[in-house]
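> coords below, sequence missing:
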Ligand SMILES: O=C(O)[C@H](O)[C@H](O)COP(=O)(O)O
Ligand SMILES: [Mg+2]
């Protein structure tokens with residue numbers, strides 16, 4: 001495995017690297033921002049790439065927001081971006097459910113364990129759902145809940161899918177309800193299974209962690225539809241029609257972003273050290289996932 005190229009501070013190497021690509025797939029959390037904190041020179045870097053005629057696509061595993069929500073966040077942070085350029089795992093999951101899985105009604109309803117981003121994208125694809133941000137599920141479990149879930153009277157017979165994503169309101173009632181649907185044969189999907197979430201320059205439990213209790217109880221793994229799933233790559237390629245050899249994936253996480261680019265046979269991958277993984281994680285002997293190049297912060301590309 002060839003050593004990744006360190007680009008920070010090397011103008012000629014940066015230019016040589018950028019000239020190899022026409023399309024950049026950008027991860028968001030840990031690359032553009034850490035929660036509501038925008039990393040330095042991110043708008044300038046994206047502007048520079050646009051002015052150089054590059055196509056930009058924002059590919060995030062964060063399912064708590066819809067594409068429309070991301071457009072608002074980009075606007076708030078002074079980043080020029082179109083909603084059509086956003087490809088989130090909540091959108092990826094909604095498209096998969098509506099157009100690929102396409103279960104016949106009425107048993108095509110989704111029990112959502114996650115936030116509004118998933119609900120909005122399911123609405124956009126006219127997929128029925130329950131759970132999610134419904135306050136009826138944001139409470140403690142009662143003895144009646146145990147009885148109602150066990151005898152099925154508290155369950156919706158039309159639920160045929162359980163979909164988990166990052167859930168900041170995970171609780172026992174949601175886990176128990178999802179578990180009952182899975183025991184009754186519902187399909188098990190996840191927007192993504194990232195173990196951690198980079199926020200406020202620290203790491204917090206990610207979607208994989210908030211969904212872990214359901215996985216363990218059910219003794220089953222969900223079909224994960226976010227990075228590094230190549231189902232997501234095919235969907236993005238199908239939408240943006242780019243030449244993979246002239247495309248680069250930019251990300252902070254090896255086992256999602258960089259793996260996504262490598263397994264997707266993209267022309268290149270660029271690691272940014274402002275999120276989950278540190279350079280030691282891919283420079284050490286025997287690292288399985290190694291990016292083509294790396295920078296300390298994304299803004300180094302315009303420094
Ligand atoms: O737990 C999660 O969902 C992830 O940490 C978060 O979604 C990562 O988002 P990304 O880095 O793909 O933008
Ligand atoms: Mg990230």
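The structure has been received and is ready for your questions. Every value quoted in this text rests on a predicted model; they were computed, and no experiment measured them. Ligands and ions are numbered 1, 2, ... in the order given.
> Show residues contacting the helix or strand hosting residue 73.
Assessed by DSSP states H and E, residue 73 sits inside helix 67-76. Applying C-beta atoms under 8 Å, 6 or more residues apart in numbering, the contact partners of helix 67-76 are 28, 58, 60, 65, 80-83, 86-88, 91, 116-117, 120-121. (Glycine included, C-beta is placed from N, CA and C.)
> Ligand 2 contacts on the stretch 151-300 of the chain?
Contacts of the stretch 151-300 of the chain with ligand 2, taken as C-beta under 5 Å from the ion, map to 252, 253, 275.
> thinking again about what came up before, now the helix holding residue 73: buried residues?
By neighbour count, with 16 or more other C-beta atoms under 10 Å as the criterion, the buried positions of helix 67-76 are 67, 69, 70, 71, 73, 74.
> Is residue 40 part of a helix or strand, or is it coil?
coil (DSSP: H, G, I helix; E, B strand; the rest coil).
> which residues does whichever residue of the chain sits closest to ligand 1 contact?
Closest approach between the chain and ligand 1, counting by C-beta to the nearest ligand atom: residue 206, at 2.6 Å. By C-beta under 8 Å, 6+ apart, the residues touching residue 206 are 166, 192, 193, 194, 195, 196, 197.
> which bits of the protein sit near ligand 1?
27-30, 60-62, 166, 192, 194, 196-197, 206-207 (C-beta under 6 Å from any ligand atom).
> Of the residues you listed, which belong to strands?
Using DSSP state E, the subset of these located in strands is 60, 196, 197.
> Closest to residue 162 out of the residues you listed?
residue 197 (21.0 Å; C-beta to C-beta).
> which residues does that closest one bridge with?
Taking DSSP bridges as the rule, residue 197 bridges to residue 204.
> Now for it, how many residues are close by?
25 (other C-beta atoms under 10 Å).
> That one touches residue 204, doesn't it?
Yes. The pair residue 197 / residue 204 is scored as a contact, 4.8 Å apart, by C-beta atoms under 8 Å.
> quick one, helices of the chain?
11-18, 42-51, 67-76, 89-95, 116-124, 143-151, 172-183, 207-210, 212-218, 230-240, 259-263, 280-283 (DSSP state H).
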